[in-house]
Each structure stands twice: as C-alpha cells, then as structure tokens.
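> structure, please.
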Amino acid sequence: PEHRGAIRGATDSEHLLHLILSMRVRLGGSLFTSLQMALRQVIALCREIGQEPHLGLNVLLTDGVGMVGSRWRRTLHYLEQDGATSEQAPGRDYRALIIASEPTDRGAWLEVPERSVFEVTPDLRLRIEPLDEA
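Predicted coordinates:
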C-alpha cells in the first residue's frame, strides 16, 4: 500500500520492486531481508492460485550500497575472479564478481543454487541462502 501510487506500469518487475520497497519500509530491515520476505509472499500467492509452476524469479537489485538477488526456476551463474594484476589496474591486486544468466566460455562459472537468495558481500563474494517459503 505504501508504494501503490508510484506504480506507473503493468510489468511484473515494477510491481515486484515496489513490493520489495514496501517490505523494507514495513520491516525496516536490510535489502536482503526485504527481498527474501517479498519473494516468499509472491511464491505463497502463486501457490494459492495455482500459478507457482509458471513462476520464474531471477532478481538482481541494488540500493547503491549493497546488491542482492535470487534464483527461482531460471538459470543464474557467477564467476569469482582474483588476480595480481588487471588491464584496468596494472600492478594492483583485484577481485571481481560476475553474475550472468548464462556463463561465457571463459572461467570456472558456478551455478547459483536453485531456489535461493543471495547478497554480494563487501569483499565481492556471494552469501547464499535457500529461499524456503517458511
């Protein structure tokens, strides 16, 4: 209800964003917790109306400070890179985290676990938790 007036379009992405923002206002919690709670609500509603088998919920969201995401019935992969040097910062150590729906042919890509939520930590790693509906 706090964000209903701000919804201008009909896309599921816009509605989900405003649900997440509403959860954050209501709970006063982290972006991660807000995403987790909003997705649980959507999953429960879709189950109730018989649409859960058609649901796909890959989300990637940032508030400018942190980044969170989810994987639910869609592919999602990540690649962690460490190095002693890079083209962008010659002679300096670097760390990179790449998230993509499909892996490229370069690197040791890992799958984000199915039915999970994650957040990017300050040291550019993924903290992943199962997205249970409890």
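> tell me how many other residues crowd the residue nearest to residue 75 when sequence neighbours are not counted.
Leaving aside its sequence neighbours, residue 75 sits nearest to residue 101 (Cβ to Cβ, 6 or more residues apart in numbering; 5.6 Å). Placement of C-beta: from N, CA and C, glycine included. Close neighbours of residue 101, defined as other Cβ atoms under 10 Å, add up to 11.
> helix or strand: which one has residue 37?
Using DSSP states H and E, residue 37 maps to helix 31-48.
> give me the residues contacting stretch 14-23.
1-4, 6-8, 29, 31, 33-35, 37-38, 41-42, 59, 61 (Cβ atoms under 8 Å, 6 or more residues apart in numbering).
> could you export that stretch as CSV, CA atoms only?
Extracted in CSV, the C-alpha atoms of stretch 14-23 (Å, rounded to 0.1, in the frame of the first residue of the first chain):
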residue,chain,number,x,y,z
GLU,A,14,7.8,-2.9,-11.4
HIS,A,15,5.2,-4.5,-9.1
LEU,A,16,7.9,-6.7,-7.5
LEU,A,17,10.2,-3.7,-7.0
HIS,A,18,7.5,-1.8,-5.1
LEU,A,19,6.6,-4.9,-3.0
ILE,A,20,10.3,-5.2,-2.0
LEU,A,21,10.4,-1.4,-1.2
SER,A,22,7.2,-1.8,0.8
MET,A,23,8.7,-4.7,2.8
